[in-house]
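Visitor: prediction below, plus the sequence it came from.
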Amino acid sequence: MFDIIVNKLVGITKGNIYVVMVVTIAVAFIGHLDGAYNTTYLIAIPALAPLYKRLNIDRRCLVLLVSLAAAPMTGMAWAQPAKMPVYAPEINPVVMAQSLYPVIAVLFTLAVLYAVGCGRYYSRQNAAELAALRAEFLKDDGNKKVDFSDKPLARPQLFWVNFAIFAVSLLCFMFLTKVATYLLFMLFSAVTLLVNYHTQKEQNQIVRKHSATMLAPAILFLGIGIMVGILNGTGMVTAMVDVVLSVIPESMARFTHVLYAIVVLPLQIFIPYQAFQSMNPLLLGIGAGCGLTAYQVLTVLCISYLNPCSPLVAANNLACELAEVDIISQVKYSVIPCFVFNVLGVLLCTLFGLV
């Protein structure tokens with residue numbers, strides 16, 4: 001389904017540099033609806049990299065734009081906030097995601113504006129390449145089909161059926177606060193399997209293909225749960241909270257989680273992001289001492305732009321491999337705009353009263 005959508009979006013660019021840039025944002029946004037960077041990069045970069053090569057555009061710009069469009073989607077209920085109940089079981093990830101919708105909308109709009117700015121820059125730099133590509137698109141009938149010959153499990157003939165299931169599931173994930181998200185995923189996964197694969201052999205193939213990727217997150221969540229249980233059960237969180245509150249001025253304690261969200265941004269380039277999750281119980285304790293709810297403490301930590309800027313993140317290495325760029329060069333190219341966008345995300349959460 002994503003392959004067909006991306007193919008249509010690439011087809012409408014017609015060599016227009018501004019449309020190419022905005023389509024990059026749209027493709028990444030659509031690709032990241034599942035909340036996984038690996039999938040997003042595999043969908044967006046191979047489809048758009050040939051265009052960027054033809055236009056002689058730095059492919060580091062492609063990786064950056066894809067990351068800027070994908071990062072706000074980590075605020076959705078099935079992405080980053082889905083991890084939050086590990087620290088605070090009373091949190092409903094759907095409710096948290098709903099509070100972030102205005103922030104996501106603004107950040108996505110800013111990503112589009114940034115893409116238009118990149119288009120303006122490259123329209124001046126690569127005028128000859130643009131003219132040649134536009135002439136080539138004019139000769140094309142615009143009806144190129146996606147080749148699924150190497151994907152025997154693809155079901156392009158069921159595109160509209162799958163799109164309808166996808167759209168309904170998305171609305172349920174976004175707005176049904178009374179039903180656990182994992183139950184919705186199980187339900188829609190079962191429906192999709194039955195619609196697309198009618199034999200047990202085919203169903204087993206598709207389940208085996210994707211189930212292995214769920215093992216690592218499951219182990220991670222179990223490990224975090226055990227660690228949090230130990231910290232709380234031994235009284236270590238309470239002791240650490242007392243120490244922190246004794247050092248921080250009383251007037252600033254209420255904004256500890258906001259300051260933390262900004263301070264850790266540069267550190268995420270050099271330290272795996274999983275390490276920072278261990279601080280959440282401490283932040284929750286400080287917030288509780290200041291009369292804050294778990295939602296107010298954790299919401300500001302949901303949207304992160306700097307993971308794609310770190311050479312320690314596997315998905316970022318995949319993106320650079322697909323775009324054929326050097327990982328260190330990509331980090332240097334991306335870190336400043338991603339840092340700025342991340343700070344803007346924190347400030348927007350503050351402005352909208354989410355903290």
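Guide: That came in fine, so what should we check first?
Visitor: all helices for the stretch 1-150 of the chain, in order.
Guide: 2-11, 17-31, 37-54, 59-70, 93-125, 127-139 (DSSP state H, counting those that start in this stretch).
Visitor: cool, the stretch 251-355 of the chain as well?
Guide: Remark: helices assigned in the stretch 251-355 of the chain by DSSP H, counting those that start in this stretch are 256-267, 280-289, 294-298, 314-323, 327-351.
Visitor: export the ones you listed as CSV, with columns for mean pLDDT, mean neighbour count and distance to I30.
Guide: (C-beta placed from N, C-alpha, C; glycine too.) Converted to CSV, the helices of the stretch 251-355 of the chain look like this (pLDDT from 0 to 100; neighbours: other C-beta atoms under 10 Å; distance: least, C-beta to C-beta, whole Å):
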stretch, mean pLDDT, mean neighbour count, distance to I30
helix 256-267, 82, 18, 27
helix 280-289, 81, 21, 30
helix 294-298, 86, 22, 27
helix 314-323, 87, 19, 16
helix 327-351, 91, 18, 19
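Visitor: do you know which of those helices lies nearest N92?
Guide: helix 294-298 (9.0 Å; C-beta to C-beta).
Visitor: alpha carbons of the closest one, as PDB, please.
Guide: This file holds the C-alpha atoms of helix 294-298, laid out as PDB (Å, rounded to 0.1, in the frame of the first residue of the first chain):
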ATOM      1  CA  ALA A 294       2.600  12.100  35.100                       C
ATOM      2  CA  TYR A 295       1.100  13.500  31.900                       C
ATOM      3  CA  GLN A 296       2.600  17.000  32.600                       C
ATOM      4  CA  VAL A 297       6.100  15.500  33.200                       C
ATOM      5  CA  LEU A 298       6.300  13.000  30.400                       C
END
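Visitor: list the helices and strands it packs on?
Guide: Packing contacts for helix 294-298, counted by 3 or more C-beta pairs under 8 Å, 6 or more residues apart in numbering; DSSP states H and E, involve helix 93-125, helix 256-267, helix 280-289.
Visitor: repeat that for 7 Å
Guide: helix 280-289 (3 or more C-beta pairs under 7 Å, 6 or more residues apart in numbering; DSSP states H and E).
Visitor: just give me how far the helix it packs on sits from the chain centre.
Guide: Distance of helix 280-289 from its chain centroid, counting by C-alpha atoms, centre = their mean, to the nearest Å, is 26 Å.
Visitor: likewise for stretch 199-219?
Guide: Taking mean C-alpha positions (C-alpha atoms, centre = their mean), stretch 199-219 and its chain are 22 Å apart.
Visitor: between the two ends of it, what distance do you get?
Guide: End-to-end distance of stretch 199-219 (C-alpha to C-alpha, to the nearest Å): 31 Å.
Visitor: what does it contact?
Guide: L153, L193, Y197 (C-beta atoms under 7 Å, 6 or more residues apart in numbering).
Visitor: helix, strand or coil: sort out the closest residue in space to the last one that isn't next to it in sequence for me.
Guide: Right, the one you point to is Y197. Excluding its sequence neighbours, the residue lying closest to Y197 (C-beta to C-beta, 6 or more residues apart in numbering) is Q203, at 4.7 Å. The three-state assignment at Q203 reads helix, by DSSP: H, G, I helix; E, B strand; the rest coil.
Visitor: how close does Q203 sit to Y182?
Guide: From Q203 across to Y182, the span is 20 Å (C-beta to C-beta, to the nearest Å).
Visitor: and H32, how many neighbours?
Guide: Neighbour count for H32, taken as other C-beta atoms under 10 Å: 25.
Visitor: which residues touch it?
Guide: T40, A70, M73.
Visitor: I figured the first one hits L33, correct?
Guide: No. T40 sits out of contact with L33 when judged by C-beta atoms under 7 Å, with a separation of 8.9 Å.
Visitor: these two - which one has more neighbours?
Guide: T40 (28 against 19).
Visitor: in contact with that one, which residues are there?
Guide: Shown in contact with T40 (C-beta under 7 Å, 6+ apart): A28, G31, H32, V66, A70.
Visitor: swap in 8 Å and give it another go.
Guide: A28, G31, H32, D34, V66, A70 (C-beta atoms under 8 Å, 6 or more residues apart in numbering).
Visitor: tell me the least confident of those?
Guide: On pLDDT alone, D34 ranks lowest of those, at 74.
Visitor: give me every residue that touches that residue.
Guide: T40, W78.
Visitor: at 10 Å what do you get?
Guide: Contact analysis of D34 by C-beta atoms under 10 Å, 6 or more residues apart in numbering lists F2, T40, I43, M73, M76, W78, A79, F166.
Visitor: could you flag which of the contacts of stretch 199-219 are buried?
Guide: For the contacts of stretch 199-219, a burial check counting by 16 or more other C-beta atoms under 10 Å picks out Y197.
Visitor: pick the one among the contacts of stretch 199-219 closest to K332.
Guide: Nearest member of these to K332, counting by C-beta to C-beta, is L153, at 39.2 Å.
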